[in-house]
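1. sequence and computational prediction follow.
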Amino acid sequence: MIVSSWGIKKDILHLCENRKVLFDNKTKDPAKKAGQLQQLLSLVNMVISQNGGKPFTNELFTELKTEGVNSLEGYSKRELSELKEQMHRSYEEQLKRITEMIESKLSATTDRLQQQLAEEQAARRRVEENAQAAQMKSNDEIRNLREHLGRTRRETEELRSRTGKGRTCAIM
């Protein structure tokens, strides 16, 4: 007896409200790959939001289990074992693809964040250098004003001492 999993897949698709995403695994086109990935992530996010933040509901899991058991009646132990092994391999392949996809997104996000951090650090250094230059300019201006004030005081003192006891009457 040949094990046909189409009936099981059909039941599962029905339980999943006919949601499915088809992939062209052989494409080399990065834009097509990105589009397929976006479609998958969009569907996953939609399902998670519909299920209150979880990828599946207990009701759906229980229903799938029941459907799976009912659909498998009449199969031999060897056929069930082969089907189970096929499902396990499929699960492992999907898990591997999802893991690779997540690692790829994580790597891209990490690279983007590192670049952003480097840009922010460079901007901060420029701001600090500008602030330091402004502080030095301000210090120079303060020093010049103090020197000018000191000269003016000395000149005033000299003028007072020449004119006598602090009275000044200068006609210009």
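-> Structure received. Numbers count the residues shown, from 1 in each chain.
2. so where is the chain shaky, pLDDT-wise?
-> For the chain, the stretches flagged by pLDDT under 70 are 1-9, 11-17, 54-75, 164-172.
3. spatially central residue for it, please.
-> Geometric centre of the chain, nearest residue: T109, 5.2 Å, by Cα atoms, centre = their mean.
4. show me what contacts that residue?
-> For T109, the contact set (Cβ atoms under 8 Å, 6 or more residues apart in numbering) is empty. Where C-beta positions appear, they are placed from N, C-alpha and C, glycine not excepted.
5. so it, which of the three states?
-> Classification of T109 by DSSP: H, G, I helix; E, B strand; the rest coil places it in helix.
6. please tell me how far it sits from V47.
-> 22 Å (Cβ to Cβ, to the nearest Å).
7. also Q116?
-> 31 Å.
8. the two: which has the busier surroundings?
-> Set side by side, Q116 and V47 show more neighbours around V47, with 17 against 10, by other Cβ atoms under 10 Å.
9. so who does T156 touch?
-> T156 neighbours (Cβ under 8 Å, 6+ apart): none.
10. which SSE is it in?
-> Secondary structure from DSSP states H and E places T156 in helix 77-163.
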